[in-house]
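*Asks:* Provide a 3D model corresponding to the input given below.
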Amino acid sequence: MRELTLYTRQGCHLCEDLERQLQPWLESGRVGLRRVDIDADPALLERFNARVPVLMAGTRAICEYYLDPVALDACLSGEGEAP
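*Replies:* Sure, this is the predicted structure:
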């Protein structure tokens, strides 16, 4: 299982939409998801403020704002492997 991180914030409809679209991957057991509220950490708030949601594998951004299923599948198959 690949652990992904979703940088998000409360009340963000794009964040909610992206997480909802991730459900097939989560339910399949292919990925695990760690949700991080950027507003709880000043460094993350500075880094991601206007960019959320951001889905990451390690230090590599898979997509921002909207789910990119092609990029997600490429990441999960090892193409463009994230550190």
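*Asks:* most remote residue from the protein's center?
*Replies:* Pro42 (18.9 Å; Cα atoms, centre = their mean).
*Asks:* and it, how far is that from Phe48?
*Replies:* Using Cβ to Cβ, to the nearest Å, we find Pro42 at a distance of 11 Å from Phe48. In this view, the C-beta of every residue, glycine as well, is placed from N, C-alpha and C.
*Asks:* again, but for Leu76
*Replies:* Leu76 is 22 Å from Phe48, by Cβ to Cβ.
*Asks:* Spell out which helix or strand contains the residue nearest the centre of the chain, please.
*Replies:* Closest to where the C-alpha atoms of the chain average out (Cα atoms, centre = their mean) is Leu55, at 1.8 Å. Using DSSP states H and E, Leu55 maps to strand 54-57.
*Asks:* With Tyr66 instead?
*Replies:* Counting by DSSP H and E, Tyr66 is part of no helix or strand.
*Asks:* same thing with Thr5?
*Replies:* Applying DSSP H and E, one finds Thr5 within strand 2-8.
*Asks:* Direction included, what does that strand pair against?
*Replies:* strand 31-37 (parallel), strand 54-57 (antiparallel) (DSSP bridges).
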